[in-house]
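# Fold the following and give me the result.
(3 chains)
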Amino acid sequence: MLPVDLPGTVRDALLAPLVDHHCHGVRRDDLSRAQFELLSGEGGGPAPPGTTHFDTPFGAAVRRWCAPLLDLEPHAPPAVYLARRAELGAAEVNRRLLAGSGVVAFLVDASHEELEVLTAAEMGRHGGAAADELVRIERIERDVAATAELAVDYLDNLGEELTAKAARAVGLKTVIGALCGLDFDPARPSRGAVIAAANRRLADPKEPLTDHVLLRYLLWSAVDVARERGLPVQFHTGFGGPVHHGAGGPAGEPHRADPARLSAFAAALQPLGVPVILLHCYPFHRQAAHLAGIFPHVYVDVGLAPPHGTAAAARVMDELLELAPFHKQLFSSGCRGLAETGYLGALTYRRALAGALQARIAAGEWSTSDAARIAHMIGSGNARRIYRL
Amino acid sequence: MLPVDLPGTVRDALLAPLVDHHCHGVRRDDLSRAQFELLSGEGGGPAPPGTTHFDTPFGAAVRRWCAPLLDLEPHAPPAVYLARRAELGAAEVNRRLLAGSGVVAFLVDASHEELEVLTAAEMGRHGGAAADELVRIERIERDVAATAELAVDYLDNLGEELTAKAARAVGLKTVIGALCGLDFDPARPSRGAVIAAANRRLADPKEPLTDHVLLRYLLWSAVDVARERGLPVQFHTGFGGPVHHGAGGPAGEPHRADPARLSAFAAALQPLGVPVILLHCYPFHRQAAHLAGIFPHVYVDVGLAPPHGTAAAARVMDELLELAPFHKQLFSSGCRGLAETGYLGALTYRRALAGALQARIAAGEWSTSDAARIAHMIGSGNARRIYRL
Amino acid sequence: MLPVDLPGTVRDALLAPLVDHHCHGVRRDDLSRAQFELLSGEGGGPAPPGTTHFDTPFGAAVRRWCAPLLDLEPHAPPAVYLARRAELGAAEVNRRLLAGSGVVAFLVDASHEELEVLTAAEMGRHGGAAADELVRIERIERDVAATAELAVDYLDNLGEELTAKAARAVGLKTVIGALCGLDFDPARPSRGAVIAAANRRLADPKEPLTDHVLLRYLLWSAVDVARERGLPVQFHTGFGGPVHHGAGGPAGEPHRADPARLSAFAAALQPLGVPVILLHCYPFHRQAAHLAGIFPHVYVDVGLAPPHGTAAAARVMDELLELAPFHKQLFSSGCRGLAETGYLGALTYRRALAGALQARIAAGEWSTSDAARIAHMIGSGNARRIYRL
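The predicted structure is shown next:
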């Protein structure tokens, strides 16, 4: 799995258990080919007639790397892979893939309440790992909007629910970038504007929240809670946000998911000491690395990019390493729905980082002991420090 | 030309005839050094005093790769190259370079009416290939504006001309990105706004069209025709558009040529089933690959980037392969004016893809048979399916 | 330092003395660890508790490459490095690092008047090189604003000071991108608007200038002077500007530092023949290369990116070489505060370009003599021509 000529200490550091600081639950039920394809495609829809989502970098990686865990030859044809997957059953497949990822702790965005999706605790059990929860704040808002009758109740409940949920979580998470772009007005909205917006909201509480005033109010409320409890706030950035989450908002403006556009808001959080975690970031990971370099409280990972770009993951990781401080990088799989993403996330992360470290060692740029130390920091050390695990 | 240790089936697939799904006619006349330089520079102007457009990646590639087809040593000096070019004559040079590109079908934007430029049929004859036409819609508008006297005639004629031209074409093409940016209002403009804009237009019909309402009307009219006839619509995106086409509009805003900004319009076309083809894309090809991944009807190529960045084309191709589904990628040379671009387009595409495939095979990521199949899809299979060749 | 199998003529061309066409003075005083860290971090602040700015690509490069010049082993621990640095004293360290960079001429933005910073002349003496000055126009404005009492005096003095300072400089420099973004209105502001803005300015002359009208007026005044004296104008672009300069303005909008956004202004300068030099550019260097390709008067370098991304500098350099004409690229270290940046700037530039050239020679893309010629052009030839050294 790793290059054979990697020094032993670096290899050990890369193979050490990882903290997957951002993932979602995977499906517990057996999946038809159509379901598997839907979950593996980026757009959430079926492939065009005559084509298949297996003909993607991600599909090629599933056949290459996941097939052996299902006792198949590498590059097994899609039909063979899916037949074997069905034969083993979802529970066994999930156990093999999640345990095979070598993760010691999953931090799970458990905002998906479908019964078919594993809970955070189940993710931990299947993977032989610890599990903690992340609170997706837009989900909290949805629940509060569904029950509140008056604007003032809505706002009170929002604060109470955020506080209550945060009490048993290790971090908060927002998808505001998918809902109104990351270049939203960084100022706290005024009380008057918030009340007016809340009244509008309660007139139509079943729609996903898209009002910018309320989105900003919700985020600032989350920041207050995070500050009080010493929790970080994760931001979905780069590609993957709007689509994977089926959210409304500026799905037509992926350029506004550039984390550089979050810079003013990040600056506003600096005096509060609330860590800002930039998730995914691709293809804006160089921009994210820059923010992690200039702001002491900003952290970065490339999440879903390595498992989706598998064979090219080394370059993405390498581009992140151009500028990002070593104590500011994290690992996550961004796993969702398919346990394959979790396994590929860990595998491609390790292979990509191995390639980057090996190249630097071979060029005489980094020492072996530094390389091992850096692998440890990114793989688990930084996450343990930031999330206080 | 290709790496020696490439497996035979992959080599065969790479050397198989290509469909060049987007090019322009090349010049039939003998060119002076000044003319050759003007056509080879990106900006359309001469090189600064004391310098030459041969001192570019493209110029180096011409000397390296085209010289041997003219019976010269690789790296022939510019003066030697141009002298030999003149000696052989344009017709012979065009035949050697176009036939040498190994293209089985040219899809030609034949909107340039200058007598010095080969027609689509002539491109095919010189290259020993089939040839089909692409309809550049802004060109149709120019002709209609020049003759119509009343707004209502202008609009009627526009529709009729689009329909007539589309009847013998395999696709439509727009350069709207060069004229008003790709983040134009995706909605169909209202009839009233269109009539008013058409009246303004007819008061000054000789200027290039820059009115956003009419540009959007023209594009929607083209979409209607494309839908009816089952044709794709090509969009110029990324660098190269405004300059190569000498168009007006936001030449000062190349960041607005990012295909991510076309996302809302692409979403609007999804229910209509009209294929959207993103041309060139560089340096936003990762953004384009993302769109091709999330939208079932969006396709992508990197056109002019490989011939212009020759020695670095492998990385550009590799970055495209990070995310783009294999059934969504196409080959084009973007060739224009100089047959050298056509030859280099095919050559650098083959070399770049060879490098990407070889690296993945060597790393055990892709199987040899998958690699061969992918080369076939991108080189001709996808184009045959989409353009119904 | 350079790959052993590089052809001799290419090696000689790479090792030939460089013109560092953009740097700042380095500190003359002995630095505490806290001071060294502050100067080496990108954000200008200390590293978060429990971490160190040495855990960055730049810190790793200092330990790897600068340690031997201080008689230490490569990869010396930070404490050892800093102890040796203190032992030798700043003057000796500066001499070793600046002389070790193999620079024949420094062009120095000497706008920092702190006594602890070497002047342009001192930079030259320490480095055994010639030295010339660059005029930072926003600094001129600061001095003029501090003394003028009437708007008309302010405007007169601005023109006089620019002319006077330019008379003994080799170029002008602006950080307007850090103060209001590079997509400012490219038109010359009207006299009335300028007078009104000047009156506002004089009511609060100690603040950094952020008024867009005056920033544009200042820039156009500088362009007039540059045109008259045949001087180029340098623009800070990409990352590094706002932060390194502690400037006000859109620090929260790093995406507006994309040089593509300067395109309309660059087009406005084309008829005037004033060279536009894009500094740094990272991570928008492909965009900058495009502008250098289409505009005869636009030039580009990647400044601070190689020393900060050391081990990955080859890719950044390679991406610049995808599109930029060879006669349009320049070398600069962007050095500031720490002589380490100057040394690493030259070293990583040479190593990165060596890697790019070697790869192209090995692939048969460029001839050895072309590679040597290109190294000479980028390393010093282009700068000598443009700055008339």
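
# From now on I want contacts and neighbour counts done on CA atoms only, so please keep to that.
OK.

# Count the neighbours of the nearest residue to residue A:67 once chain neighbours are set aside for me.
Closest residue in space to residue A:67, ignoring its immediate chain neighbours: residue A:74 at 5.7 Å, by C-alpha to C-alpha, 6 or more residues apart in numbering or on different chains. Here the number of neighbours of residue A:74 (other C-alpha atoms under 10 Å in any protein chain shown) works out to 21.

# Excluding chain neighbours, what is closest to the closest residue to chain C within the stretch 101-250 of chain A?
For the stretch 101-250 of chain A and chain C, the shortest gap (C-alpha to the nearest C-alpha) falls at residue A:183, measuring 8.7 Å. Leaving aside its sequence neighbours, residue A:183 sits nearest to residue A:261 (C-alpha to C-alpha, 6+ apart; 4.8 Å).

# sorry, back to before: could I get the contacting residues of the residue nearest to residue A:67?
Residue A:74 sits next to A:63-68 when contact means C-alpha atoms under 8 Å, 6 or more residues apart in numbering or on different chains.

# Ramachandran coordinates for the residue of the stretch 101-250 of chain A closest to chain C?
phi -100, psi 40 (degrees, to the nearest 10).

# And for residue A:167?
Given degrees, to the nearest 10, the pair of backbone angles that residue A:167 has is phi -60, psi -30.

# so what pLDDT did it get?
With respect to pLDDT, residue A:167 has a value of 97.

# got the contact list for it?
residue A:229.

# Against chain B, how distant is it?
37 Å (C-alpha to the nearest C-alpha, to the nearest Å).

# now swap in residue A:329 and tell me
For residue A:329 relative to chain B (C-alpha to the nearest C-alpha), the value is 21 Å.

# That residue and residue A:300 touch, don't they?
Yes: taking C-alpha atoms under 8 Å as the definition, residue A:329 is a contact partner of residue A:300 at 5.1 Å.

# can you count the residues close to the residue of the stretch 101-250 of chain A closest to chain C?
20.

# Can you give me the pLDDT of it?
Looking at residue A:183, the pLDDT reads 94.

# Check what pLDDT the closest residue to residue A:336 other than its chain neighbours gets.
Using C-alpha to C-alpha, 6+ apart and skipping residues adjacent in sequence, the residue nearest residue A:336 is residue A:24, 4.7 Å away. pLDDT recorded at residue A:24 is 95.

# and what of residue A:7?
The predicted local confidence for residue A:7 is 96.

# So it versus chain B, what's the distance?
19 Å.

# Tell me how far that residue lies from residue A:370.
12 Å (C-alpha to C-alpha, to the nearest Å).

# where do the helices sit along the stretch 101-250 of chain A?
Assigned by DSSP state H, counting those that start in this stretch, the helices in the stretch 101-250 of chain A fall at A:120-127, A:137-147, A:151-166, A:176-180, A:191-203, A:212-229, A:241-244.

# and the residue nearest to residue A:232 when sequence neighbours are not counted, what does it touch?
Counting by C-alpha to C-alpha, 6+ apart, the nearest residue to residue A:232 once its immediate chain neighbours are dropped is residue A:275, at 4.6 Å. By C-alpha under 8 Å, 6+ apart, the contact set of residue A:275 is A:231-233, A:297-299, A:386.

# one more time with 7 Å, if that's ok
By C-alpha atoms under 7 Å, 6 or more residues apart in numbering or on different chains, the contact set of residue A:275 is A:232-233, A:297-298.

# Out of these, who's the most crowded?
Going by other C-alpha under 10 Å, residue A:298 tops the contacts of residue A:275 with 28 neighbours.

# neighbours of the residue nearest to residue A:175 when sequence neighbours are not counted, just the number please.
Excluding the flanking residues, the one nearest residue A:175 by C-alpha to C-alpha, 6+ apart is residue A:236, at 5.3 Å. Residues contacting residue A:236 under the criterion other C-alpha under 10 Å number 23.

# do the same with residue A:89
15.

# Look up how far residue A:82 lies from it.
From residue A:89 to residue A:82 the distance is 10 Å (C-alpha to C-alpha).

# so where's chain A uncertain?
Scanning chain A for pLDDT under 70 picks out the ranges A:240-251.

# Next to chain B in this structure, residues from it, please.
A:42-43, A:47-48, A:51, A:55-57, A:60-61, A:64, A:75, A:252-255, A:283, A:308-309, A:311-312 (C-alpha under 7 Å from any C-alpha of the partner chain).

# Among those residues, name the ones in helices.
A:57, A:60-61, A:308-309 (DSSP state H).
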